[in-house]
Structure formats: C-alpha cells, structure tokens
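>>> Quick one, fold the following:
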Amino acid sequence: MMETKNNFAVGSIPHHIMSIAGPMIVAQLINVLYNIIDRIYIGRIPHVATLAMGGLGICLPIISIVMAFANLFGMGGSPLCSIARGQGKNDEAEEIMGNSFALLVLFGILLTLIGFVFRKDILWAFGASQHTISYALDYLTIYLIGTVFVLIGLGMNSFINAQGFAKTGMMTVLIGAILNIILDPLFIFVFNMNVKGAALATVISQFISALWTLQFLTGKKTILKLKKKYFKLNFKYVKRIFSLGTAGFMMGMTNSIVTIVCNSTLQSYGGDLYVAIMTIINSIREIAQLPGQGMANACQPVLGYNYGAKEYKRVLYGIQFVTIVAFLMMLFIWLIITLFPEIFIHIFTHNQKMLTYGTTALHLYFFGFFMMAFQMVGQATAVGLGKSKQAIFFSIFRKVIIVAPLTIILPKFIGINGVFIAEAVSNFIGGGACYITMWFTIGRKLKTKIA
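Now for the predicted structure:
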C-alpha cells in the first residue's frame, strides 16, 4: 500500500512535487537554523560579539566541507534509489542506500581525525586574525566531535525524502533544531560557555537527529530498509554514488572555496568588521535560497522515478512546473530583502556600524538573486536524472569560474564592494548558462524520446 501511495509515475506531477516540497522546505529551513541560531545568539554575547561572529565566520568553510561530504553520498545515492524504485528494483535500491551509509560513516571518521590534527593551520589559512582565532578554535574543536552525526543525519535523510516521506524527513531536522534552540542560550549564557556552548548545543542536536534517521530507516514504516548486509562496499555502486554525488559535493566545496576567498579578501580590505558582515549576509542567503532550493530538491525523486519508469513526458512537465514556481518564489524573496534590508541585519546585530555598511553590502550581494532559481532547477534536474557530468559542470561553473576570480579581481579596481558585486554578476551569468545548457542537453534528449 505504501509503495502504491508513493508511486510518482501516476497522478498529478505538481501534486507530487508540492507534497514533497512543503515539508522539505520547512526541513531545510530548520536545518539552516542549526547554524543560524548559533550566529543570532553569538551576535548578542556582551563585549565580544563582533569578534566572536568573525571567528564563527572563519569556521563556515569547514562546515560547508562537512556538508559537502553529506551531499556526496546522500545526493549521490538517493537519486539512484529513486531511479531503481521506478524500475521496480527495490533490492538494488537498498544496496545503494547501505553503501551510502557505510561511506558516510567512514568519511565522517576520516574528516574528524584530519580536522583535529590540522584545525589551527586550517583556520589561519581560511582568514583568521589574531583577534578571531581563539573564538574560531573554540567553536571548531567541539563541532568536529559531531562530524559523523552531521553526515548521517543529513546524508541519510535524503533517502527518507527520496521515498516520498517528506514529513518524516522534516521531523529529522525539526527535533534537532528544537533541541538546539533550547540548549544554545543555556550553554552560551547560563553556563558562560560562549562559542563553545553554541558548538556543544549543535553537536548534541545533530546526534539526536542522526538517531531519529536511523530509527526510521530500520523500522517498519520505510519502503527501503537499511540492512547490515549491504554495508559491505560494492565497487559498482560506490562508483555510481561518487559519480552522481560529485555535483552536490562540488556545490558544497565551491561554497567553501568562495567563503575562504571572500574572508581573505575582506580581511585585507576591511578587516574583522567586514568578515562579520559577510557572516551575516551568508546567514541571510542560506534562509533566502531555501524556497527555490526546496522546490528544486523536491522535484528530484519525482523526476528520477518517472525517468526510471520511462515516463519522459511527465519528466518534461515536472521540469517546467518547478521552474516557474521556483522563479516566482525567488523573485518575491529578492524584492523583500531589497526593500527591507535593515530588518534582516537586525536579526543578527544591533551594532550601528555593521548596520550601515551591511545594508550597502546586502543590496549589492543580492542583486539579481532571483536568477538563482534557474541554477537550482538546472542542477537539480541533472542530479535527479542521474546525469553526473552536467551536474558537476553546473556546480563548478558559477562559483569557481565566475565568483572566486571576480572576488579577487574586482576589489583591486572598485574597492571592497567588488567582493559583493562578484556574487551579483554570477547570479545572471551562472543561472542563465546553467539552465540553457540543461535544456539543450537533457531537455532535447527527453523530447527526442517522447517523439
């Protein structure tokens, strides 16, 4: 009965996508709150809020790298599961999921060990200053303890959503976020742990989220069950997981690279103040992109299932539907941020200097933000249909080829504002190029199959 209910090859495509998108957007919002809540509370630590915020900003690239590995195996395995389910091969889907779990645990342990050994050198390389290094080190040392929990919670939650259990996927992060909201002020202010308290609250919350995920995937309600016999790595599946997951991995890694370049450039031109401002802008961006990214991610299991079932006309319709909805969502959000920038900055700080300079930076950074909808849908389509080469290209193009070089070059000619303008330029070039390329490659082939 559950298999029939989650058969995406029958019924309304918009209904299937929206039924997944709603809970998924809420879940992603909650997931972002893990780090956002930390920043809100850290921004209110007496006397040292700006430096503490800057220290946390230095850690963001490392957090992005950890999440990139969760994407590598979660986004690499879950679309393959959707395609296998559409083909009626549930045993194969379960083996893919088991291999993904084994890879998440293995790389979680490796990242923890490497992080502990080289954490201080990494922070200096990522733009720490004499004033922010102690805060960054305090946060990262504790955060690294939860690396395995992050990978399991985020990575395996993709397999819950891929089966159509979006509400359960939402609960995975909701439980952790609520716990984080409760523990953050307790550890930061009551126990006077400052940034250490924020990190500890996050680790405990991620541990509970990981337990919830494993409990569901080994329970009776799931369609695909996590089984110990499939933990033994099968090279055939590992290769496919790496190949497809590289797109999501590169997305996380390129975000990390750009954050490192931005922090280093901002430190040179504006000091700790602008590093803290960029931390706030990144926080706002993480929330602002959620509706569009949620729509894009929600279409993946639906498109993948129909592609596996050879329902190519439904796949094309799904792409068109999600493009329109994602674009309208992102356009609305861009207008709100552009009209009321101070409201969003006030969430994180009451420092007048940060408000003044941050407002200008926010306007420049978010110019043309609605074009990101095309980047999101183009990349999600490639991932959902198992087209790894296109997905990888889309991940690298905008951040590495456009944003990173412009972040270094533009400030030499127009000053510190060039760092924020670089992102705006990439919204138009990257978003447009990604979507057009997707239609000329994937879209054209789908139309040929229909004919």
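>>> Can you pull out the low-pLDDT segments for this structure?
1-6, 31, 33-35, 388, 391, 395, 451 (pLDDT under 70).
>>> Number of residues surrounding N234?
Other residues within reach of N234, judged by other CB atoms under 10 Å, total 15. Every residue, glycine included, has its C-beta placed from N, CA and C.
>>> now it: how far from M330?
39 Å (CB to CB, to the nearest Å).
>>> One more: I37?
From I37 to M330 the distance is 24 Å (CB to CB).
>>> Which one's more surrounded, those two?
A count of neighbours by other CB under 10 Å puts M330 above the other of I37 and M330, at 25 against 20.
>>> Is that one in contact with F374, as I believe?
No: contact criterion CB atoms under 8 Å: M330 and F374 do not qualify, at 9.2 Å.
>>> Any idea how far stretch 93-113 is from the middle of the chain?
When C-alpha coordinates are averaged (CA atoms, centre = their mean, to the nearest Å), stretch 93-113 and its chain have centres 18 Å apart.
>>> Same question for stretch 82-100.
24 Å.
>>> Please could you give me each C-alpha atom of it, formatted as PDB?
Extracted as PDB, the C-alpha positions of stretch 82-100 are listed here (Å, rounded to 0.1, in the frame of the first residue of the first chain):
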ATOM      1  CA  SER A  82      14.600   6.800  -6.900                       C
ATOM      2  CA  ILE A  83      15.500   5.600 -10.400                       C
ATOM      3  CA  ALA A  84      15.900   1.900  -9.100                       C
ATOM      4  CA  ARG A  85      12.500   2.200  -7.400                       C
ATOM      5  CA  GLY A  86      10.900   3.400 -10.700                       C
ATOM      6  CA  GLN A  87      12.400   0.400 -12.400                       C
ATOM      7  CA  GLY A  88      10.900  -1.900  -9.600                       C
ATOM      8  CA  LYS A  89      14.400  -2.900  -8.300                       C
ATOM      9  CA  ASN A  90      14.000  -2.400  -4.600                       C
ATOM     10  CA  ASP A  91      16.800  -4.800  -3.600                       C
ATOM     11  CA  GLU A  92      19.200  -2.800  -5.700                       C
ATOM     12  CA  ALA A  93      17.900   0.500  -4.100                       C
ATOM     13  CA  GLU A  94      18.500  -0.900  -0.600                       C
ATOM     14  CA  GLU A  95      22.100  -2.000  -1.500                       C
ATOM     15  CA  ILE A  96      22.800   1.500  -2.800                       C
ATOM     16  CA  MET A  97      21.400   3.000   0.400                       C
ATOM     17  CA  GLY A  98      23.500   0.600   2.500                       C
ATOM     18  CA  ASN A  99      26.700   1.500   0.600                       C
ATOM     19  CA  SER A 100      25.900   5.200   1.000                       C
END
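>>> mind starting the numbering at 695 from now?
All right, first residue 695 from here; so that's stretch 776-794.
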